[in-house]
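Asker: model the structure of this input:
(chains A and B)
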Amino acid sequence: MSKTIIDKLWDSHIVVEEENKPDLLYIDLHLIHEVTSPQAFAGLREKNRTVRRPELCFATMDHNIPTVDRFNIKDETSRLQVQTLEKNCAEFGIQLEGLNSEQQGIVHVIGPELGLTLPGKTIVCGDSHTSTHGAFGALSFGIGTSEVEHVLATQTLWQNKPKQMNVKIEGELGFGVTAKDVILWFIAKYGTNVGTGHIIEFSGSTVRKFSMEERMTLCNMSIEAGAKASVVSPDEVTFSYISGKRYAPKNQDFLESCKRWRELASDENARFDQTIEIDASEIEPMVTWGTTPSMCLPISGVIPAEENSSSIEEKQSLLNALHYMGFKGNEKIEHIPVQHVFIGSCTNSRLSDLLQASKVVEGRNVHPEVRAIVVPGSQAVKKEAENLGLHQIFIDAGFEWRESGCSMCLGMNDDIVPEGERCASTSNRNFAGRQGKGARTHLVSPIMAAAAALNGKFTDVRSILPKKEQEVDRYAGV
Amino acid sequence: MPGFKTYSGSAAVLDRDHVDTDQIIPKQFLKKIDKAGYGEFLFFDWRYHSNGEENEDFELNSPETKEVSILVTGKNFGCGSSREHAPWALKDYGFQVIIAESFADIFFNNCVKNGILPIRLSKDELRNLQSERAGNLIRTLRVDLEQQLVENETKEVFRFEFDPYWKKMLLNGWDEISVTLQQEALIKEYEDERIVN
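Answerer: A predicted model of the protein is given here:
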């Protein structure tokens, strides 16, 4: 019988399968960070339990840490949380790449770049953006702290198999349109709960042409479409990314792994519960204007007004969003001023993101009323970017060049957007208060964020970037 | 954890869709290393003005909804971050049951693991459930997990679907890890066969 990649990943990890019960799935990789793990370790200690397979766990600190003067965590509770992770990892024998490690970074950036994230694995983390790792053909999803404790103690999880959705993206993306715009467009069109109860496979010629970093951006935000997880069938692009990564299989072992990984791709005629087909050529650079990722328009768009809503509920949520965002309705996206620009987060902080944004800002200046920061996703990304001289391009243009971490995506550290001010952000959530109480977030791609930084308002990046450079860079295949 | 069988209490209606976990508990309260005491931060930015005063307009702040233990809300409740601090805060505040049109997947799981019963009802059922609603208050709802039903003040009964496994876990208040550890031999067998590394 033909199987989807989701069937293959699921079936190969079943430890216990009984009727009227979820399946007990084996977990191959458990990524751990400081915010969602302390109570799980405390739970183990309380019941006198151990970590079953500490060598399948990997920890770092990313959510809470400063991006300037990083060893000096001023906030006492943040410092305690970081120290607690150090203590827990030491006590239970888990590898931790802490603040002083060259391997530190956002958990969803370092998993792939260290070769821990591999096709065919089941991967969990107490963080909803664990969906990112699905880009490699891994079954990868976010869990709560109780489940973190369960995985630590048993290396398994009870899971009901979700439904399956095939999102087929075909055709050429237009100039200046990125993977970020594709996922924002998808959520704008189909809503933030289209994926609820489903695992999505992203397929089609557009996805096949994407680099691994673009696939990660796509899968990263599938949680914003409500999906349990998302996955891309692995191919030569995947294998060439993995080749040579620190913890990836080497030599003959690698070749044999590739052979196995190739088998994971969905079989022809494999059955999905639902299929959505997307024409990539319809997609434009996108900007969110409201307080959910689905409140999103092309750069040429106009914000909806009260009279556009079709139901009472819709009207109320529109009015709430307009009020929070400081709009009346009918404003043009291109007229919205921004005071902050954040290039970073597990969605868009990888080398190709920084490289593309640097092409927009090179030789130009950040608008005098804008405060712009670049926060590389990991120490490795930071170092590579510095080797290429990208930091100097950003600094010369007026950006701040920071240390790696989650930073202004959720503002658990000092990187906060002040009340009432706007931020063009390459992160993944524009919820009320996400970047700071009263902060107004607009989600965009890295090149659109860069364009907003230069002009102090949202700007069609296609009017700034020479066409040739853009085409070359999109498939820079990092 | 004590088992969950039946429950009666008053409910507050939070007539909103897509309530995300950043609203349920904002990020500045995620820095603690224990599970207790999150209730005072529940819906923080909605409950309090910037100057720290209570926002009288917020649904849970009216005098009649102060003592509620059931939350009735819209679709996609608990979307966003996987933070279990959200159900910890709801539970600590006093919520035992959440009735919604739909829930985000991770949040739903997180509720069950903390002994909060998340119930899905259709939009029409939710409307009928609230037939005797006064402001944002429903004076009495009776919930029976064994029978999988909710009964309102007019004795109208609404049946809900619930996964049989999680039902059993909730009814008995079992510790999931203890249950799983009974499968130790099978886990070991899986590891030996697959040489997980």
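Asker: from here on, contacts and neighbour counts on C-alpha atoms
Answerer: Will do.
Asker: from B:Q183, how far out is the residue in the stretch 251-400 of chain A that chain B sits nearest to?
Answerer: Closest approach between the stretch 251-400 of chain A and chain B, counting by Cα to the nearest Cα: A:S317, at 7.6 Å. Between A:S317 and B:Q183 the distance is 47 Å, computed by Cα to Cα, to the nearest Å.
Asker: go on, A:T441?
Answerer: On the measure of Cα to Cα, A:T441 and B:Q183 end up 47 Å apart.
Asker: now A:G142
Answerer: Taken as Cα to Cα, the span from A:G142 to B:Q183 is 24 Å.
Asker: likewise for A:A179?
Answerer: 42 Å.
Asker: quick one: which of those two has more around it?
Answerer: Set A:A179 next to B:Q183 and count neighbours by other Cα atoms under 10 Å in any protein chain shown: A:A179 wins out with 24 against 14.
Asker: got a pLDDT number for the more buried one?
Answerer: Per-residue confidence for A:A179 comes out at a pLDDT of 98.
Asker: thinking it is in contact with A:M212, fair?
Answerer: No. Using Cα atoms under 8 Å, A:A179 is not in contact with A:M212, being 10.7 Å away.
Asker: so the closest residue to A:W261 other than its chain neighbours, which of the three states?
Answerer: In space, and not counting its chain neighbours, A:W261 is closest to A:P119: 6.1 Å by Cα to Cα, 6 or more residues apart in numbering or on different chains. Recorded secondary structure, A:P119: coil (DSSP: H, G, I helix; E, B strand; the rest coil).
Asker: run through the bridge partners of A:I276.
Answerer: For A:I276, the beta-bridge assignment (DSSP bridges) gives partners A:V167.
Asker: try A:F141
Answerer: With DSSP bridges applied, A:F141 shows beta-bridge pairing to A:V124.
Asker: for chain B, what are the nearby residues on the stretch 1-150 of chain A?
Answerer: Applying Cα under 8 Å from any Cα of the partner chain, one finds that the stretch 1-150 of chain A approaches chain B through A:15-16, A:20-22, A:26, A:28, A:35-36, A:38-39, A:42, A:56, A:77-78, A:81, A:84, A:126-128, A:142-146, A:150.
Asker: over to the stretch 151-300 of chain A?
Answerer: So the stretch 151-300 of chain A meets chain B at A:A153, A:T154, A:N193, A:T196, A:G197, A:I223, A:E224, A:G226, A:K228 (Cα under 8 Å from any Cα).
Asker: in helices, which of those residues fall?
Answerer: A:A153, A:T154 (DSSP state H).
Asker: could I get the residues of the stretch 151-300 of chain A next to chain B in CSV, plus columns for neighbour count and pLDDT?
Answerer: Below are those laid out as CSV (neighbours: other Cα atoms under 10 Å in any protein chain shown; pLDDT from 0 to 100):
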residue, neighbour count, pLDDT
A:A153, 23, 98
A:T154, 23, 98
A:N193, 22, 94
A:T196, 24, 95
A:G197, 21, 96
A:I223, 31, 97
A:E224, 28, 98
A:G226, 25, 96
A:K228, 28, 97
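Asker: tell me the two of the residues of the stretch 151-300 of chain A next to chain B that are most distant?
Answerer: Using Cα to Cα, those span at most 31.8 Å, a distance reached by A:A153 and A:N193.
Asker: still on that earlier bit, what about the residues of the stretch 151-300 of chain A next to chain B, which are in strands?
Answerer: Judged by DSSP state E, these include no members of strands.
Asker: distance to A:A265 added to the residues of the stretch 151-300 of chain A next to chain B, as CSV?
Answerer: As requested, these are exported to CSV (distance: Cα to Cα, whole Å):
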residue, distance to A:A265
A:A153, 31
A:T154, 29
A:N193, 26
A:T196, 23
A:G197, 22
A:I223, 22
A:E224, 24
A:G226, 23
A:K228, 19
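Asker: out of the residues of the stretch 151-300 of chain A next to chain B, who's nearest A:A380?
Answerer: Using Cα to Cα, those come closest to A:A380 at A:I223, 25.9 Å.
Asker: hang on, isn't the closest one packed against A:V231?
Answerer: No. A:I223 sits out of contact with A:V231 when judged by Cα under 8 Å, with a separation of 11.7 Å.
Asker: and for these two, which residues touch both?
Answerer: Taking Cα atoms under 8 Å, 6 or more residues apart in numbering or on different chains as the contact rule, A:I223 and A:V231 both touch A:S131.
Asker: can I assume A:Q39 is in contact with B:K31?
Answerer: No. In this structure, A:Q39 is not within contact of B:K31 by Cα under 8 Å, at 11.1 Å.
Asker: and the strands in chain B?
Answerer: B:6-14, B:70-73, B:97-100, B:117-120, B:137-144, B:149-151, B:157-159.
Asker: just list what the first one packs against, helices and strands only.
Answerer: Read that as strand B:6-14. For strand B:6-14, the packing partners by 3 or more Cα pairs under 8 Å, 6 or more residues apart in numbering or on different chains; DSSP states H and E come out as strand B:70-73, strand B:137-144.
Asker: possible to save those strands as JSON lines with distance to chain A?
Answerer: As requested, the helices and strands packed on strand B:6-14 are exported to JSON lines (distance: least, Cα to the nearest Cα, whole Å):
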{"stretch": "strand B:70-73", "distance to chain A": "12"}
{"stretch": "strand B:137-144", "distance to chain A": "19"}
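Asker: reformat those as a markdown table; add distance to A:R364 and mean pLDDT.
Answerer: Shown next, in a markdown table, are the helices and strands packed on strand B:6-14 (distance: least, Cα to Cα, whole Å; pLDDT from 0 to 100):
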| stretch | distance to A:R364 | mean pLDDT |
| --- | --- | --- |
| strand B:70-73 | 49 | 98 |
| strand B:137-144 | 57 | 96 |
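Asker: of these, which stretch is the most buried?
Answerer: Neighbour counts (mean count of other Cα atoms under 10 Å in any protein chain shown) averaged over each of the helices and strands packed on strand B:6-14 peak at strand B:70-73, with a mean of 24.
Asker: that one pairs with which strands, parallel or anti?
Answerer: strand B:6-14 (parallel), strand B:97-100 (parallel).
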